[in-house]
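> how does the following fold in three dimensions:
(2 chains)
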Amino acid sequence: MLWHMAWRNVWRNRVRSLVIATAIAFGLVGGVFSYAFMMGLVNQAVRNAVRTELGSFQVHNPEYPADRDLRFMVDDTAALLTELRGLPGVVGASARIVGTAMLSSAEGTAAVRIAGVDAARDGDISNLAEELIEGQYLNPDERIPILISREMADDLEVKLKSRVVASVVSPSGEIVYGAFRVVGIFKTVDSLFDKSSVFVTREDLAELTGFADNTASEIIVRVEPRDAGDAVAARVVAAHPELLIRTWRDLSPQLQLAADFGSIFGLVFLAIILTALGFGIVNTMLMVVMERTREIGMLMALGMARARVFWMLLYETAFLSMVGGVAGLALSFVLLGYLGRTGINMQAWAEGFSAIGYDSMIYPETTVAFYFQVAGMVLVTAFLASIYPARRALKLLPAEAIRSDT
Amino acid sequence: MLWTLAWRNVWRNRRRSVLTLATILLAVVLGLLMRSMQYGQYGAMIDSTVARTGHIQVHGEGYWDNKSIDRSISAAAATLSEIRGAAGVTDVVPRFESFALISFGDRTKPSGVIGTDPEVEDRYTALANRVVEGRYLESGERGVMLLRSLADYLGAGVGDEVVLLGGGYRGQTAADLLTVTAIFEYTMMDGMETGLAYVPLDAARELYATPPDQVTSLAVMLDDGDSIDPTATVLAGLLGDEYEVMTWRETSKEVVQQIQADSVGGIFMLAILYTVAGFGLLGTVLMSTMERRREFGVMNAVGLRKSRLAAVLFVETVLLVSVGVLLGLLLSVPIIMWFHANPIPISGELVEVFEQFNIPPYMPFAIDPGIFAAQGLVVLVMALIVASFPIVSIRRLHIMRAITGR
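Have a look, this model is predicted:
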């Protein structure tokens, strides 16, 4: 009955209700969109980094990371790999030899991180093969193959089939030189990764540097679903205290920070919008109360309890807000559903995004839970915004209110 | 008369006006703080970029696409003074940049090598402040400054002699023995694959076996960041075809794009915020128009022309918003001035984000008058649009119906 009255009251002044409901709807679409955009941007960056470069977690000799010195390796990798691959959730584990090198062509020199990978198993942990824009992935049957990035190829002025020379510091500290032939050129969304990474086969790099069999510089492990990675990593830490285990969060603090702050940032913006909307709602409801001074006085005179008047106004505010809220969320849902499929093209700033490892094609992302969260925030706002106007209504004296001329 | 009437009308319903003011105030203050922070950050990003690259860079034709020292140029005293003589140029920083393998004992690491004039370099990049051990380079000496992680890896300390080995000018071999004078820290370089070493300009030329006066780049500093393009054109004409003249916007495209993308994001958010505030204002204006129909009818009946009536209403809204904007400015300006003078220091994890963009970990606020003008103007335009709505309802006003309230 009270609900019913409140709902009808909302529509007594259609224009006013529609103005405030439109404001709420518009504000929510903007807020939800911003949030989804941030989430999409950040999640994509995390997914790309985990999928192409970092894996869910990496295993090293504790001495290794400071200098990427080939002397510090993980021993008995065969047994370790079998153990890792047997863990629940692990979809791939691959051992690499990774050192620093100077890569030169006739036209230039670049300092790089050279990775010798197991061509048959590295695809389990990295989708680098999908990032190739020219040529083929590493094939051990080919002679001395190397994969370099588009950027590197341009810097060194080399093409497919060109020869490049890598000078690598071997485990014993000498500099050894090896020639490689470019078989594939890749391009990822992270230009720092592109600028610094080249890939060869494990066999070639081991032969060049005299790296021992059944050892590796690093093991990269991929866990699905992504969130389960930390738990698996924790198990490995417990089983192998002698090894250094680092998750993608440890490996890329910037990315973790972006992941943490992205969602907070989106929520803060929503809160700001809701505050602005809150003022609008207070104003509208205040008008409602003033306009209906006489009517409210009458209701009270007829014996309606003050608490019921209070609740009636509160319901009215809630209904008003929910009309805007539901419309806003529905619109957001449709809009984000569409943009989630087509993506938002920020190609004009591709290099800027790429410099910090982000894709310039952004697919906004939200979760169903988020819509409920926003709906909750709208209701809280409506509740807070209704208190002041409702209290004013309660202060009315029926005898005077009835006689007022509005 | 018109203004007095409008001003009084604004304060007839004090509560409503105050709430509307609060909405506008919130939008203006948030908008100003946000833009000021964004511009402050952009300023810091640009400053740190320009300190490294100069406002304008001069290199040999084709050097930027293929950074080979074979494309280095001769920067004889005559060329330098010619550049220094151009209008607006305050200084020129000559650099010679390349790579080398740096060895000490049995350890070797690939490293970037920057040959620079120590005194001039320090003026712009404050390199001397990064020294943590030993003493800063002096021009003309045969010394080298090593990045902390590089020195640690090599096990080299101040006073040790390290070997630099690489590709020299026009196919010669670059090899030299230099004494470590200092060890410096550069957080942005942490975790990079390669080391970094600074040597005096002449030592670099000797190492790479170039003719005297050879440089890979000249960073040109201007007294005014706004006259970059005309000065670049002048320099290009002055120097001729063998040189390429690029502005920092071309050499640091990713910074420009990051700023643009972020700025667009900021503008988008403000647009939402202002629209929400605008709807709030619209609600108020519509309400006050509806509520005062009778009053308008009477005024019309006693001879106030509809156009004058509409003007009063229009002025009311504009006055209300102007007060809001003014209060917003009054409130924000001291806050912004305070934070401009005392930038908020950033601590904890966020420091890494700042390092990612290579800017000092402070939250600077810009006090560009353009920001204030733009925000004030945008809100006023919004007010003008909203203020035009009641004009329509005044035109439709029917005197008899309005007075009798039917």
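
> for chain A, just list every one of the strands.
Shown for chain A, the strands assigned by DSSP state E span residues A:57-60, A:90-104, A:109-117, A:132-135, A:145-149, A:163-169, A:175-186, A:197-201, A:218-223, A:244-247, A:344-345, A:361-362.

> closest one to B:L165 among the ones you listed?
When the strands of chain A are compared for distance to B:L165 using Cβ to Cβ, the nearest one is strand A:175-186, at 8.1 Å. (Each C-beta comes from the backbone N, C-alpha and C, glycine too.)

> strand partners (parallel or antiparallel) of the closest one?
strand A:132-135 (antiparallel), strand A:145-149 (parallel), strand A:163-169 (antiparallel) (DSSP bridges).

> go through those and name the closest to B:A44.
Across these, closest to B:A44 is strand A:145-149 (Cβ to Cβ), at 30.0 Å.

> got the angle for the closest one vs strand A:109-117?
Here the directions of strand A:145-149 and strand A:109-117 differ by 120 degrees (axes from the mean of the first three to the mean of the last three Cα atoms, to 10 degrees).

> from what I can see A:G297 touches A:A393, true?
No - A:G297 is beyond contact range of A:A393, at 9.6 Å (criterion: Cβ atoms under 8 Å).

> the two: who's more crowded?
For the pair A:G297 and A:A393, the greater number of neighbours falls to A:A393 (25 against 20), based on other Cβ atoms under 10 Å in any protein chain shown.

> tell me the most buried of the strands paired with strand A:175-186?
Mean neighbour counts were compared across these using mean count of other Cβ atoms under 10 Å in any protein chain shown; the top stretch is strand A:145-149, at a mean of 25.

> could you give the angle of that one to strand A:197-201?
Going by the same axes, to 10 degrees, strand A:145-149 makes 160 degrees with strand A:197-201.

> when you scan the helix or strand hosting B:V325, is anything in it near chain A?
Using DSSP states H and E, the element containing B:V325 is helix B:306-341. No - judged by Cβ under 8 Å from any Cβ of the partner chain, helix B:306-341 and chain A are separated, with a smallest distance of 11.5 Å.

> the helix or strand just after that helix packs against which elements?
The first helix or strand that comes after helix B:306-341 along the chain, using DSSP H and E, is strand B:344-345. Secondary-structure packing of strand B:344-345 (3 or more Cβ pairs under 8 Å, 6 or more residues apart in numbering or on different chains; DSSP states H and E): strand B:362-363.

> in the stretch 251-400 of chain A, what residue spans correspond to helices?
A:253-291, A:293-301, A:306-342, A:350-355, A:368-395, A:398-403 (DSSP state H, counting those that start in this stretch).

> list the buried residues of the second one.
Right, helix A:293-301. Judged by neighbour count (16 or more other Cβ atoms under 10 Å in any protein chain shown), helix A:293-301 contains these buried residues: A:293-294, A:296-297, A:299-300.

> domain map for the chain?
Using chain A. With domains defined by automatic domain parsing, chain A comprises A:2-49+A:256-403, A:62-242.

> think we crossed wires, I meant chain B
Taking automatic domain parsing as the criterion, chain B consists of the domains B:2-49+B:255-404, B:62-240.

> which residues are contacting stretch A:47-56?
With Cβ atoms under 8 Å, 6 or more residues apart in numbering or on different chains as the contact definition, stretch A:47-56 has outside contacts at A:125-128, A:131, A:188-190, A:193, A:197, A:220-223, A:226, A:229, A:232-233, A:247-248, A:251-252, A:255, A:357, A:359.

> quick one: pLDDT of the residue of chain A found nearest chain B?
Distances from chain A to chain B, computed as Cβ to the nearest Cβ, single out A:G352 as the nearest residue at 2.7 Å. A:G352 is assigned a pLDDT of 82 by the prediction.

> tell me who's in contact with the closest residue to it other than its chain neighbours.
The shortest distance from A:G352 to any residue other than its chain neighbours is 2.7 Å, reached at B:Q257 (Cβ to Cβ, 6 or more residues apart in numbering or on different chains). Contact criterion Cβ under 8 Å, 6+ apart gives A:348-353, A:355 as the residues in contact with B:Q257.

> export the residues you listed to CSV and tack on distance to A:G210?
Rendered in CSV, the data for the contacts of B:Q257 read as follows (distance: Cβ to Cβ, whole Å):
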residue, distance to A:G210
A:A348, 49
A:W349, 46
A:A350, 42
A:E351, 40
A:G352, 43
A:F353, 41
A:A355, 37
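
> in TSV, list the residues you listed along with neighbour count.
TSV is the format used below for those (neighbours: other Cβ atoms under 10 Å in any protein chain shown):
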residue	neighbour count
A:A348	12
A:W349	21
A:A350	20
A:E351	16
A:G352	23
A:F353	24
A:A355	21
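
> nearest to A:E400 among those?
Comparing the contacts of B:Q257 against A:E400 with Cβ to Cβ places A:W349 closest, at 62.8 Å.

> wait, the closest one sits on B:Q260?
Yes - in this structure, A:W349 is within contact of B:Q260 by Cβ under 8 Å, at 5.9 Å.

> which secondary structure elements does the host helix or strand of B:M382 contact?
When secondary structure is defined using DSSP H and E, the element that contains B:M382 is helix B:369-395. Packing partners of helix B:369-395 (3+ Cβ pairs under 8 Å, 6+ apart): helix B:14-53, helix B:253-291, helix B:306-341.

> next, the angle from that helix to helix B:14-53.
The directions of helix B:369-395 and helix B:14-53 differ by 150 degrees, with the same axes, to 10 degrees as the criterion.

> averaged pLDDT, helix B:369-395. What do you get?
The average pLDDT within helix B:369-395 is 85.

> point to the residue nearest the middle of the chain.
In the absence of a named chain, chain A is used. When Cα atoms, centre = their mean is applied to chain A, the residue found nearest the centroid is A:N43 (2.0 Å).

> try chain B instead
Here the mean C-alpha position of chain B is nearest to the C-alpha of B:Y42 (Cα atoms, centre = their mean), at a distance of 1.9 Å.

> quick check: that residue touching B:Q260?
No - B:Y42 sits out of contact with B:Q260 when judged by Cβ under 8 Å, with a separation of 9.6 Å.

> just the contacts of stretch A:47-56 that are near chain B?
The subset of the contacts of stretch A:47-56 within reach of chain B, counting by Cβ under 8 Å from any Cβ, is empty.

> what's near enough to touch the residue nearest to the centre of chain B?
When the contact criterion is Cβ under 8 Å, 6+ apart, the partners of B:Y42 are B:259, B:262-263, B:366.

> need the helices and strands packed on helix B:369-395 in JSON lines (columns: mean pLDDT).
Conversion of the helices and strands packed on helix B:369-395 to JSON lines gives the following (pLDDT from 0 to 100):
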{"stretch": "helix B:14-53", "mean pLDDT": "86"}
{"stretch": "helix B:253-291", "mean pLDDT": "85"}
{"stretch": "helix B:306-341", "mean pLDDT": "88"}
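
> in a markdown table, list the ones you listed along with distance to A:Y137.
Formatted as a markdown table, those follow (distance: least, Cβ to Cβ, whole Å):
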| stretch | distance to A:Y137 |
| --- | --- |
| helix B:14-53 | 37 |
| helix B:253-291 | 29 |
| helix B:306-341 | 52 |
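
> show me where the stretch 151-300 of chain B has helices.
When assigned using DSSP H, counting those that start in this stretch, the helices of the stretch 151-300 of chain B occupy the ranges B:201-207, B:228-239, B:248-251, B:253-291, B:293-301.

> what's the most buried one of these?
helix B:201-207 (a mean of 23).

> CA atoms only for it, dumped as CSV, please.
Once side chains and other backbone atoms are set aside, the C-alpha atoms of helix B:201-207 remain, and they are given as CSV (Å, rounded to 0.1, in the frame of the first residue of the first chain):
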residue,chain,number,x,y,z
LEU,B,201,82.6,13.0,-24.8
ASP,B,202,86.3,12.9,-25.9
ALA,B,203,86.8,9.5,-24.3
ALA,B,204,83.8,8.2,-26.3
ARG,B,205,85.2,9.5,-29.5
GLU,B,206,88.5,7.9,-28.8
LEU,B,207,86.8,4.6,-27.9
